[in-house]
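*Asks:* Below is the structure, and that's it, no one-letter string:
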């Protein structure tokens, strides 16, 4: 699930949204607990400088996005209202991968038969192999989460995307080839005797990156230019609006069709355990179910969309709500929900509220 952030070209908006913490306590940033070795991703810093990391949370910056809607005063000019909007900046959590040392997977007798120097050598080869695996995953993610959607939404042309991403179709097989060669050279006991000839024969393939590396300044300038173009946000926004389906004419709200900015979207669970796909447009929150009809996917609107000026967001503490699902009650207290919040109408008369669950605490906070 990918949650998209605020898109450039936000129009002046006059509204107020209430954001509640049911225990009247401010949100606190929490550090990710970890008792494992972690290895920072430094393999693709060049790509990371051009594209922001994708996050798999469905509520990325959901709270900050809603709070940032409040614009004081109804008599301001559009120019001053535009200036009063400031995007909340939240530090991006560093992507972390668990890392296990090669020597930790060795049999004790095998480990005792190797010298300290040889263990260090094998560790370096293993680290190279793991690094190639990580890089392949990152390149595939860049293509799936950024390159292909921007091409499909006509946000950028194929030529422009090549300027920014280079030739992903060439880079991925290149690193898969090295990984395969190392795998073939790895003996059943996990050791690699000779690797020098593998690298000597493979390194010339890195010439595939020459065009990408020499084009970084131009690529950064192009990306900055595109980020300032409001049409890119409108294109993505209209793409999802066209895929909405309605079970009841009362669900249709003119604010949906008029939306020019999609602040975030993604998949969340509701109290019954089912999954909903959520869209937060500039003026309205829409909950949907992903359905497939005639081999085509669409988003069937679920319940009544909630206008932003009537939207209340409540933070819920872990364990306050029990979530449903196919295994509910089978494991004692395991069905006590974590990372939950509630959205509802400000006016209780409609009687509509939705308890939503994020993947983890970090996605909920962001």
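*Replies:* Nice, I can see it. None of these values were measured; they are calculated from a predicted model.
*Asks:* Specify the helix with the largest residue count in the chain.
*Replies:* The helix that spans the most residues within the chain, counting by DSSP state H, is helix 116-142.
*Asks:* What residues sit buried inside that one?
*Replies:* 119, 121-122, 125-126, 128-132, 134-136, 138-139, 141-142 (16 or more other C-beta atoms under 10 Å). Placement of C-beta: from N, CA and C, glycine included.
*Asks:* ditto for stretch 240-250
*Replies:* In stretch 240-250, counting by 16+ other C-beta under 10 Å, buried: 240, 241, 244.
*Asks:* Turn those into TSV, including distance to residue 215 and pLDDT.
*Replies:* Supplementary listing: those in TSV, determined by distance: C-beta to C-beta, whole Å; pLDDT from 0 to 100:
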residue	distance to residue 215	pLDDT
240	32	85
241	35	87
244	39	92
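*Asks:* so where's the stretch 201-350 of the chain shaky on pLDDT?
*Replies:* 229-233, 235, 320-336, 349-350 (pLDDT under 70).
*Asks:* where do the strands sit along it?
*Replies:* Applying DSSP state E, counting those that start in this stretch to the stretch 201-350 of the chain gives strands spanning 244-245, 262-270, 275-281, 284-293, 296-301, 306-307, 311-315, 340-345.
*Asks:* counting contacts, what elements does the third one pack onto?
*Replies:* To tie it back to what came earlier, the one meant is strand 275-281. When contacts are defined as 3 or more C-beta pairs under 8 Å, 6 or more residues apart in numbering; DSSP states H and E, strand 275-281 sits against helix 62-67, strand 262-270, strand 284-293, strand 353-357.
*Asks:* if you set the cut-off to 6 Å instead, what comes out?
*Replies:* Packing partners of strand 275-281 (3 or more C-beta pairs under 6 Å, 6 or more residues apart in numbering; DSSP states H and E): strand 262-270, strand 284-293.
*Asks:* Can you tell me which of these is most buried?
*Replies:* Most buried of the helices and strands packed on strand 275-281 by mean neighbour count (mean count of other C-beta atoms under 10 Å) is strand 262-270; its value is a mean of 22.
*Asks:* Each with direction, which strands does that strand pair with?
*Replies:* Sheet pairing for strand 262-270, assigned by DSSP bridges, gives strand 275-281 (antiparallel), strand 353-357 (antiparallel).
*Asks:* do you know which of the strands of the stretch 201-350 of the chain lies nearest residue 164?
*Replies:* Of all the strands of the stretch 201-350 of the chain, it is strand 262-270 that lies closest to residue 164, at 21.3 Å by C-beta to C-beta.
*Asks:* now the closest one and strand 296-301, what's the angle there?
*Replies:* Here the directions of strand 262-270 and strand 296-301 differ by 80 degrees (axes from the mean of the first three to the mean of the last three C-alpha atoms, to 10 degrees).
*Asks:* returning to that earlier point: what residues of the next helix or strand after the longest helix of the chain count as buried?
*Replies:* Next along the chain after helix 116-142, taking DSSP states H and E as the criterion, comes helix 148-152. Counting neighbours by 16+ other C-beta under 10 Å, one finds that the buried residues in helix 148-152 are residue 150.
*Asks:* Turn the helices and strands packed on strand 275-281 into CSV, including distance to residue 191.
*Replies:* As requested, these are arranged in CSV below (distance: least, C-beta to C-beta, whole Å):
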stretch, distance to residue 191
strand 262-270, 43
strand 284-293, 47
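*Asks:* Looking at the ones you listed, which is nearest to residue 150?
*Replies:* strand 262-270 (14.1 Å).
*Asks:* did I read that right, residue 154 in a helix?
*Replies:* No - counting by DSSP: H, G, I helix; E, B strand; the rest coil, residue 154 falls outside a helix, being coil.
*Asks:* and the gap between it and residue 142?
*Replies:* Using C-beta to C-beta, to the nearest Å, we find residue 154 at a distance of 19 Å from residue 142.
*Asks:* same check, this time on residue 101
*Replies:* Remark: distance between residue 101 and residue 142 (C-beta to C-beta) = 28 Å.
*Asks:* With residue 192 instead?
*Replies:* Using C-beta to C-beta, we find residue 192 at a distance of 29 Å from residue 142.
*Asks:* rewinding a little: to residue 185, which of the strands of the stretch 201-350 of the chain lies closest?
*Replies:* Among the strands of the stretch 201-350 of the chain, strand 262-270 comes nearest to residue 185, with 41.2 Å by C-beta to C-beta.
*Asks:* what is the orientation angle of the closest one with strand 340-345?
*Replies:* Counting by the same axes, to 10 degrees, strand 262-270 lies at 110 degrees to strand 340-345.
*Asks:* angle of strand 262-270 against strand 284-293?
*Replies:* Angle, strand 262-270 to strand 284-293, by the same axes, to 10 degrees: 70 degrees.
*Asks:* Understood, closing this out.
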